[in-house]
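Undergrad: Sequence and predicted structure are below.
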Amino acid sequence: MESIAEIKKVFANADISEYSGLIEKYGDDERDGVKKIIASAQKKINALEKEKARSYKMFEFERKYADKGYICGIDEVGRGPLAGPVVAAAVILPKDCDILYLNDSKQLTPKKREALYDEIMAKAVAVGVGMANEKVIDEINVLNADYEAMKQAISKLQVKPQILLNDAVNIPGVDIEQVGIIKGDTLSASIAAASIIAKVTRDRLMVEYDSLYPGYGFAKNMGYGTAEHIDALKKIGPCAIHRRTFIKNFV
């Protein structure tokens, strides 16, 4: 008879698709340790099935507009920070997309965002990223800067989409059909994918800025107005990437 440690190793080395067969194989083993291993494996199977059901629902808008042609999700990050750019992403996912765990980037851990970023970049039909820096934000306001970043992102796509799924906005000056979806990054897989690409891109940039402009904690706060950030602003003043229209109350 195999030891509990050996059975545990079998499950650890198996793909989740093999779990059902292993559960059947070891299901009659009455040892508590084996029962725990099986219960853990079953829990993972149930969680995966639940995620597949959630993921299927996330493609509801993509199925609804499937006859339009290429469907592009649009989202942005960075409206609220005191420093750094707004970043927008445009993502066209394949018709048979099998990426699980797509969601509003804020609901994902940094590790999960990074993993999904790599998977999206590998599997997407096309990805475009646009930015508008602090000077543009100060000049035309953050909403218009957002629109500029979104239009940039669309222009960088390698294929032209026939419809845009946007997170709650209608982008002016774009000659492509648009659908604004409230809380779209939690309801549309394409928008969620764009949210992840935009978030990871901006976070990586802010980490780079942290080494260029130390003292503000950009690698941790991503430019948002944390107590540490505001205290640094008051003590050492603004740096080149601060949005002057956003920091008037602090300096």
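TA: Sure thing, it's come through.
Undergrad: Start from the N-terminal end of the chain and give the strands.
TA: Secondary structure of the chain (DSSP state E): strands at 71-77, 86-92, 126-132, 163-167, 177-181.
Undergrad: need the ones you listed in a markdown table with distance to residue 228, mean neighbour count and mean pLDDT, can you?
TA: No exception for glycine: its C-beta is placed from N, CA and C like everyone else's. Listed next are the strands of the chain as a markdown table, based on distance: least, C-beta to C-beta, whole Å; neighbours: other C-beta atoms under 10 Å; pLDDT from 0 to 100:
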| stretch | distance to residue 228 | mean neighbour count | mean pLDDT |
| --- | --- | --- | --- |
| strand 71-77 | 20 | 29 | 98 |
| strand 86-92 | 22 | 29 | 98 |
| strand 126-132 | 25 | 22 | 98 |
| strand 163-167 | 29 | 24 | 96 |
| strand 177-181 | 35 | 15 | 97 |
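Undergrad: will you turn the ones you listed into JSON lines that also has distance to residue 240?
TA: Output for the strands of the chain, formatted as JSON lines (distance: least, C-beta to C-beta, whole Å):
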{"stretch": "strand 71-77", "distance to residue 240": "20"}
{"stretch": "strand 86-92", "distance to residue 240": "17"}
{"stretch": "strand 126-132", "distance to residue 240": "15"}
{"stretch": "strand 163-167", "distance to residue 240": "29"}
{"stretch": "strand 177-181", "distance to residue 240": "34"}
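Undergrad: buried set for stretch 207-215?
TA: Neighbour counts over stretch 207-215 (16 or more other C-beta atoms under 10 Å) mark 209-210, 213 as buried.
Undergrad: Equivalent analysis for stretch 149-167, please.
TA: Neighbour-count burial for stretch 149-167 flags 149-154, 157, 161, 163-167 (criterion: 16+ other C-beta under 10 Å).
Undergrad: can you give me the offset of stretch 193-202 from its chain's centre?
TA: Here the centre of stretch 193-202 is set off from its chain's centre by 5 Å, with C-alpha atoms, centre = their mean, to the nearest Å.
Undergrad: same check, this time on stretch 130-138
TA: Put simply, stretch 130-138 sits 21 Å off its chain's centre (C-alpha atoms, centre = their mean).
Undergrad: what about it, start to end distance?
TA: Counting by C-alpha to C-alpha, to the nearest Å, you get 17 Å between the two ends of stretch 130-138.
Undergrad: Other residues contacting it?
TA: For stretch 130-138, contacts defined as C-beta atoms under 8 Å, 6 or more residues apart in numbering pick out 83-90, 145-146, 148-156, 241-246.
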